[in-house]
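Novice: Structural data only, the sequence is not supplied:
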Ligand code: AMP
Ligand code: MN
Ligand code: MN
Ligand code: MN
């Protein structure tokens, strides 16, 4: 069975509509598909209709932005928490997502001010043109603006030169706490899954502490096969899943043609000895 449990539509920072992502997943041989837009669930109903029309099983998902250890001493690390099999109408989840979406506008204004100081005017308006969902202005939309205006060759370069920590357009931001994100997902009947654990700038002991905290909050699954991991990281996080007794997930993190390393359904399968997060669905 081909399971892909991480992807984005224009409701967040993807390039395609939910129906187009569904078609792409279907073309990639996906049997069970989840849409997991950042901090947003509004595309799920349409995604389900499109997926089921194509004969795929659809899983309601979301990817919540978290700031782990926001205290000044730790500076805060942005972590992404995928929630699977959530009830998209759950009021606790909806209120939480609404709260973190609201902060994006102030961050975007600060990013645009910083970019202007760095000699790049018009970034707020420029980024907004790419954000189809006005509540979800993302760094990705700034990256597309920087590419459009010739400031970067591609979105990856735009992140590298302008939008990551220490670069002129990077603004520190407080997202949800780890406990909030896990709690909202659980309140909505869903399963919290640590997204792409290999992507965080944490030392091995810090990452171990993060997994301990996640587990203490009731967390039981991590992404092992993701478009964000290298082959070495597939093996490493498979081992982490074994050590902690975590279930394992698989998801391309597809954002659209030309912006993702892996198309939906194209990752290698999970190692056979791991328990897939979908084992009892
Ligand atoms: P935001 O939630 O607005 O801070 O944007 C985060 C999104 O930016 C992620 O979900 C990725 O889609 C994208 N992103 C982050 N880092 C990079 C990178 N180095 N290259 C390309 N896209 C990135
Ligand atoms: Mn994204
Ligand atoms: Mn992510
Ligand atoms: Mn993602």
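Specialist: Alright, I've got the coordinates. Note that the coordinates shown come from a computational prediction; the quantities given were computed from them, not determined experimentally. Ligands and ions are numbered 1, 2, ... in the order given.
Novice: Can you give me the buried ones in whichever helix or strand residue 209 is part of?
Specialist: In the assignment (DSSP states H and E), residue 209 maps to helix 204-216. For helix 204-216, the buried set under the neighbour-count rule, 16 or more other Cβ atoms under 10 Å, comprises 207, 210, 211, 214. To be clear about C-beta, it is placed using only N, CA and C from the backbone, and glycine gets the same treatment.
Novice: who does the helix or strand that comes right after it touch, helix- and strand-wise?
Specialist: Moving toward the C-terminus from helix 204-216, the next helix or strand (DSSP H and E) is strand 221-226. Using 3 or more Cβ pairs under 8 Å, 6 or more residues apart in numbering; DSSP states H and E, the elements in contact with strand 221-226 are strand 191-194, helix 231-244, strand 247-251.
Novice: Nearest to ligand 1 among these would be which one?
Specialist: Closest of the helices and strands packed on strand 221-226 to ligand 1 is strand 247-251, at 12.5 Å (criterion: Cβ to the nearest ligand atom).
Novice: quick one: contacts of stretch 15-25?
Specialist: Under the contact criterion Cβ atoms under 8 Å, 6 or more residues apart in numbering, stretch 15-25 has outside partners 4, 7-11, 14, 33, 35, 43-44, 46-47, 50-51, 54, 56, 254-259, 263-265.
Novice: ok, for residue 260, nearest residue in space, not its chain neighbours?
Specialist: Nearest residue to residue 260, sequence neighbours excluded (Cβ to Cβ, 6 or more residues apart in numbering): residue 254, at 4.9 Å.
Novice: give me the beta-bridge partners of that neighbour?
Specialist: Residues in a beta bridge with residue 254, per DSSP bridges, are residue 7.
Novice: What does the pLDDT read for it?
Specialist: For residue 254, the pLDDT comes out at 98.
Novice: Based on its surroundings, how many neighbours for it?
Specialist: Residues lying near residue 254 (other Cβ atoms under 10 Å) number 29.
Novice: where exactly do the helices run in this structure?
Specialist: All helices of the chain, identified by DSSP state H, fall at 18-27, 44-53, 91-117, 123-128, 139-148, 155-158, 178-187, 204-216, 231-244.
Novice: Taking helix 139-148 as reference, get the angle to the third one.
Specialist: Just to be clear, that refers to helix 91-117. Interaxial angle, helix 91-117 versus helix 139-148 (axes from the mean of the first three to the mean of the last three Cα atoms, to 10 degrees): 30 degrees.
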